[in-house]
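Novice: mind looking at a prediction? Sequence and model below.
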Amino acid sequence: MDLKMRNTFFTTVLLGTLALAGCNATSNSVVGTWEGRATAEEAPFSFGAVTFAPDGTFTAEAKYGATTRAVSGRYTTEGERITLAGQGIPPRVYEVSTGDDTAVFTDQTTGKSMTLDR
């Protein structure tokens, strides 16, 4: 996967995470600030702080190796799916599962997932 595709994937994951925050009980459980947990599979990409607001907006910090990019936009939820729409990126849909203090976002296109901790 080339750098541009990876950047798009991780930006989408961020947006998906943010989408959880606004539409239902699942979304209410993600409102607040989260920290990305990078895995060896995701390296050299990781997410810094991600904040989901109750009004359906989000802000996030995406890290791509030595580069950090701020991302913001809107999210919507439907069941276990989150749709993230941010500036300069197409809307992306993720399957989301939440635990006590974790949320796992899985990209429906690639099958890759990212875990965020509260």
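Specialist: Thanks, I have it.

Novice: adjacent strands (with direction) for the lengthiest strand in the chain?
Specialist: The longest strand of the chain (DSSP state E) is strand 67-78. Paired with strand 67-78 in the same sheet, following DSSP bridges, are strand 57-64 (antiparallel), strand 81-86 (antiparallel).

Novice: redo those strands as a markdown table? Include mean pLDDT, distance to residue 99 and mean neighbour count.
Specialist: Where C-beta positions appear, they are placed from N, C-alpha and C, glycine not excepted. Output for the strands paired with strand 67-78, formatted as a markdown table (pLDDT from 0 to 100; distance: least, CB to CB, whole Å; neighbours: other CB atoms under 10 Å):
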| stretch | mean pLDDT | distance to residue 99 | mean neighbour count |
| --- | --- | --- | --- |
| strand 57-64 | 82 | 20 | 20 |
| strand 81-86 | 86 | 16 | 22 |
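
Novice: tell me which of those strands sits nearest to residue 30.
Specialist: Closest to residue 30 of these is strand 81-86 (CB to CB; 8.5 Å).

Novice: show me what the helix or strand following the closest one is packed against.
Specialist: Next in sequence after strand 81-86, counting helices and strands by DSSP states H and E, comes strand 89-98. Counting contacts by 3 or more CB pairs under 8 Å, 6 or more residues apart in numbering; DSSP states H and E, strand 89-98 packs against helix 3-19, helix 25-30, strand 67-78, strand 81-86, strand 102-107.
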